[in-house]
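A.B. asks: coords please:
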Amino acid sequence: MDRPQGLSVRVKLTLSYAGFLMLAGVLLLATVWLFLLRYVPERAHLVPAPGSDEVPRTGVFPVRSELLDAFAPRAAAVLMFLLALGLVGGWMLAGQMLAPLTRITDAARRAGNGSLSHRIRMTGSGDEFRELSDTFDAMLDQLESHVAEQQRFAANASHELRTPLAITRTLLDVARKDPTQVQPELIERLHHVNARAIDLTEALLLLSRGDLLARDTVDLSLVAEEAAETLLPLAEQRRITLDVTGAPARTNGSAELLLRMATNLVQNAIVHNLPTDGTVTVHTEEQHGTSLLRVENTGHRLPPDLVPTLAEPFQRGTERVRTDAHAGVGLGLAIVRSIVRAHDGTLDLVAGPTGGLVVTVRFPGTT
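C.D. replies: Next up is the predicted model:
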């Protein structure tokens, strides 16, 4: 739908400048009339000199009509000059004033066409245009980062989904070449690959609906206890001590998603731990108006550059890769981060001083 075309901002500013300049000229001329010309008589009055009875007959005597005849054309010429000066000067000043806006518009047009790498980087004084430019650059930074993250996620998801499908096709090709041979191992492997593909698909669906949730009052301490109870057999199997401490910590959110978040954190802490005799501590509390959930475990020392990437989708550190049934699909902490964002919370990952990982989640407390 075509929008009606109107005067540009530059034209409006030019007309405004010229109009104000003309108004100032008219006011100046009106002042001359009010305080000068109105006191000039219509006719010449001959006044004799003091002490003399003779009336002077010669000299130049100002008359209002004659002054007006001489003044009016020149005043009109001055007003025309002011009008021309206002239009030309206003056009130049408006162009200079709107130049930063032109740069911002050009950057917005490029962003609309898909180019998010361009930045305005306006210099000069911190006026309104500079503030708008800096805000726009910050928005482009966030958009570029978000788009890059989504592209990496799509590429990694495609790769991860392709892997089990390719394995399944290879196994089926082997079975088709030898249909008479009973292959219980093949069936078991197909079952394992299919379960992995289902887990990955469910994780992707959960990430896609992270922002669509019904909010209710949830106690993080109860969520932590339920997650720990569910994963206690896994902890006992690995000879991991699982301990839940703390006090009630209430927040508003989805009980289902918060339980999934806590389950992922506890399972991650159990799986990526010492081979035996490790510990996992889950702690909840209310702190300065926020509800806190902290999961801490023992384990190998983590490289400092690895920790910030652990919440990225499909990112697995070399020391954290598992080859057993709980290897996962690399989305555990990514799902946690998605759920935390959907609940307006914060996620902090810190390497333990002696090894392991400390994960702290903070949510707004209930009002």
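A.B. asks: Can you give me the buried ones in the helix or strand harbouring Ala30?
C.D. replies: In this structure, Ala30 is located in helix 9-35 according to DSSP states H and E. Buried residues in helix 9-35, counting neighbours by 16 or more other C-beta atoms under 10 Å, are found at 10, 13-15, 17-18, 21-22, 25, 29. Every residue, glycine included, has its C-beta placed from N, CA and C.
A.B. asks: Please work out the average pLDDT along it.
C.D. replies: This predicted structure assigns helix 9-35 an average pLDDT of 82.
A.B. asks: quick one on the thing from earlier: output the buried residues of helix 9-35 as a markdown table; include the columns distance to Pro164.
C.D. replies: Listed next are the buried residues of helix 9-35 as a markdown table, based on distance: C-beta to C-beta, whole Å:
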| residue | distance to Pro164 |
| --- | --- |
| Arg10 | 60 |
| Leu13 | 63 |
| Thr14 | 67 |
| Leu15 | 68 |
| Tyr17 | 69 |
| Ala18 | 73 |
| Leu21 | 76 |
| Met22 | 78 |
| Gly25 | 82 |
| Leu29 | 88 |
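A.B. asks: Give me the neighbour count for Ala228.
C.D. replies: 20 (other C-beta atoms under 10 Å).
A.B. asks: Oh, that last question was meant for Ser338, not what I typed.
C.D. replies: Other residues near Ser338 number 23, with proximity taken as other C-beta under 10 Å.
A.B. asks: Spell out the residue ranges of the helices in the stretch 101-250 of the chain.
C.D. replies: 128-177, 184-208, 220-237 (DSSP state H, counting those that start in this stretch).
A.B. asks: For the last one, which outside residues touch it?
C.D. replies: Residues external to helix 220-237 that are found in contact with it (C-beta atoms under 8 Å, 6 or more residues apart in numbering): 241-242, 244, 246-251, 255, 258-259, 262-263, 265-267, 270, 280, 282, 284, 291-293, 326, 363.
A.B. asks: Just the buried subset of those residues, please.
C.D. replies: By the neighbour-count criterion of 16+ other C-beta under 10 Å, those include these buried positions: 242, 244, 246, 249-251, 255, 258-259, 262-263, 265-267, 270, 280, 282, 284, 291-293, 363.
A.B. asks: Now, the residues you listed that are in strands?
C.D. replies: Filtering the buried ones among the contacts of helix 220-237 for membership in strands, criterion DSSP state E, returns 242, 244, 246, 250-251, 280, 282, 284, 291-293, 363.
A.B. asks: which among those residues gets closest to Leu132?
C.D. replies: Distances from Leu132 to those, taken as C-beta to C-beta, are shortest for Phe363 (33.4 Å).
A.B. asks: How much space separates the closest one from Ser221?
C.D. replies: Going from Phe363 to Ser221 by C-beta to C-beta, to the nearest Å gives 13 Å.
A.B. asks: just Ile335 next, same as before
C.D. replies: If you measure Ile335 against Ser221 using C-beta to C-beta, the figure is 21 Å.
A.B. asks: What of Glu312?
C.D. replies: 29 Å.
A.B. asks: which of those two has more neighbours?
C.D. replies: When Glu312 and Ser221 are compared on other C-beta under 10 Å, the one with more neighbours turns out to be Ser221, at 22 against 17.
A.B. asks: could you list every residue that touches the residue lying closest to the more buried one once chain neighbours are set aside?
C.D. replies: Nearest residue to Ser221, sequence neighbours excluded (C-beta to C-beta, 6 or more residues apart in numbering): Thr284, at 4.3 Å. When contacts are counted by C-beta under 8 Å, 6+ apart, Thr284 touches 220-221, 224, 245-249, 291-294.
A.B. asks: again, but for Asn268
C.D. replies: Residues near Asn268 by C-beta under 8 Å, 6+ apart: 295, 332-333, 359.
A.B. asks: go with 6 Å
C.D. replies: For Asn268, the contact set (C-beta atoms under 6 Å, 6 or more residues apart in numbering) comprises Gly332.
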